[in-house]
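**Student:** Fold the following, please.
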Amino acid sequence: MNFFQVLFHSGDIKARTGKLVTSHSEISTPLFLPIGTLGSVKAISNDELEKIGYNIFLANTYHLYLRPGVEILSNAGGLHNFVNWQYSVLTDSGGFQVYSLAVLRKFDNNGVKFNSHIDGSSHYFTPEDIIDIQRTIGSDIMMPLDVCSEYPISKSGAEKSLMVTYEWEKRCFNRFKLSKEKYGHRQFLFSINQGSVFKDLRKRSIEQLNELEFDGNAIGGLAVGEDNELMYEIVDYCTDILPVNKPRYLMGVGTPENILNSVEMGIDMFDCVIPTRNARHGRLYTFFGDINLKNSRNKFKFDLVDAGFDSSVLNKYSLSYIKHLFVSNEPLAMRLATIHNLEFYFEFMKRIRTAIEQNKFLQFKKEFLNNYKSNKFN
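**Tutor:** Numbering: from 1, shown residues only. Okay, the predicted model is just below:
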């Protein structure tokens, strides 16, 4: 199985299209991963996710380990069977969730001890545990245990995190090679380079990880507080030295502008809570800017909205009605907004791929940002 193939590479910029092939689906890149932390995207069913067109989502090892737990997932035959999803799943290692959610946490050279954010119970993850858990989950793409540095951080602190991350990822890689899939389908393992905003540390991290044969490469430790321009500078630097023949995954980044700029720099994969979380708070994405449903002016917007694409929501329901649902705390409001935003992101990535293959990406980017920032809904 040829896991990743670059299909089209722009001549004057690093933007490219490609194809990821797993045992469960073929996924066009650049791609956006919806967040399905516990095996489902909040507020919608997996059937609805499939209907939109997605054939991959991101689940989280930390959360699935705590609930429903590896015993249930093992008895169910893995996450695909448990949630009745026939397409691909990528699992984050849970390292960021330990960093951000755990009530108490303590890192050492062997792993990380933490208390569950759910009930305070004590747990310990080693790199080997993370691989074993993801084998039981049965995800198509697995991520290794890493240390996500806070921002700002001193260079010595970033270097220490990098050194621990490398040792952990090397142990993850070795465990991955020595262990076997449980459910008859192939699994792939990515690396995660670290180094905060220090280019020499990023270079060292990438070069060390390149000595191991990971199936893809992620850029971690960004979008944690640094400004966008600094993030772009590091992304651009990393994609210059990451292997061309493997997918590049920018973790936790996902505003439309972030995606466009990062695609231009050669990124293939994105994930972010933005479209679904913002949907639950009444924000809709369109090709002409964002709509804040909580804005009082939407009380009397009875006409259907031109969102710049064929929205199954805004082509049927007025802003006034959807706002009414939000104000009334009707669960349907979150469902409709989530479906709409995921439809927007799916169409957005599709248009990006088309623009790249027509050698019109920079033109598309300029026109999109002009329309998006002018925001006719303000």
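**Student:** hey, let's count contacts and neighbours off CA atoms from now on
**Tutor:** OK.
**Student:** Let's test this: name the helix or strand in this structure with the lowest mean pLDDT.
**Tutor:** helix 95-100 (a mean of 73; mean pLDDT, DSSP states H and E).
**Student:** Who are the contact partners of residue 311?
**Tutor:** By CA atoms under 8 Å, 6 or more residues apart in numbering, the contact set of residue 311 is 340, 343, 344.
**Student:** How far does stretch 216-227 stretch from one end to the other?
**Tutor:** 26 Å (CA to CA, to the nearest Å).
**Student:** can you offset everything so residue one is 16?
**Tutor:** Sure thing, new numbering starts at 16, so read that last one as stretch 231-242.
**Student:** Now it: buried residues?
**Tutor:** 231, 232, 233, 234, 235, 236, 237, 238, 239 (16 or more other CA atoms under 10 Å).
**Student:** Can I get the contacts of residue 326 in a markdown table including distance to residue 157 and secondary structure?
**Tutor:** Listed next are the contacts of residue 326 as a markdown table, based on distance: CA to CA, whole Å; DSSP: H, G, I helix; E, B strand; the rest coil:
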| residue | distance to residue 157 | secondary structure |
| --- | --- | --- |
| 355 | 29 | helix |
| 358 | 26 | helix |
| 359 | 27 | helix |
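**Student:** quick one: residue 86 and residue 80, what's the gap?
**Tutor:** Counting by CA to CA - residue 86 and residue 80 are separated by 9 Å.
**Student:** Looking only at neighbour counts, state which of these two leads.
**Tutor:** residue 80 (20 against 12; other CA atoms under 10 Å).
**Student:** by contact count, what packs against the helix or strand harbouring the more buried one?
**Tutor:** Using DSSP states H and E, residue 80 falls within helix 76-81. Contact here means 3 or more CA pairs under 8 Å, 6 or more residues apart in numbering; DSSP states H and E; on that basis helix 76-81 packs against helix 110-115, helix 142-152.
**Student:** got CSV for the contacts of residue 326, with distance to residue 196, pLDDT and neighbour count too?
**Tutor:** As requested, the contacts of residue 326 are exported to CSV (distance: CA to CA, whole Å; pLDDT from 0 to 100; neighbours: other CA atoms under 10 Å):
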residue, distance to residue 196, pLDDT, neighbour count
355, 36, 98, 25
358, 33, 98, 24
359, 35, 98, 23
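**Student:** which of the helices and strands packed on helix 76-81 is buried the deepest?
**Tutor:** helix 142-152 (a mean of 24; mean count of other CA atoms under 10 Å).
**Student:** for it, packing partners?
**Tutor:** So helix 142-152, by 3+ CA pairs under 8 Å, 6+ apart, packs with helix 76-81, helix 85-91, helix 170-193.
**Student:** Serialize the buried residues of stretch 231-242 to a markdown table and add fields for distance to residue 379 and secondary structure.
**Tutor:** Output for these, formatted as a markdown table (distance: CA to CA, whole Å; three-state DSSP):
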| residue | distance to residue 379 | secondary structure |
| --- | --- | --- |
| 231 | 28 | strand |
| 232 | 27 | strand |
| 233 | 26 | strand |
| 234 | 25 | strand |
| 235 | 27 | coil |
| 236 | 29 | coil |
| 237 | 26 | coil |
| 238 | 24 | coil |
| 239 | 28 | coil |
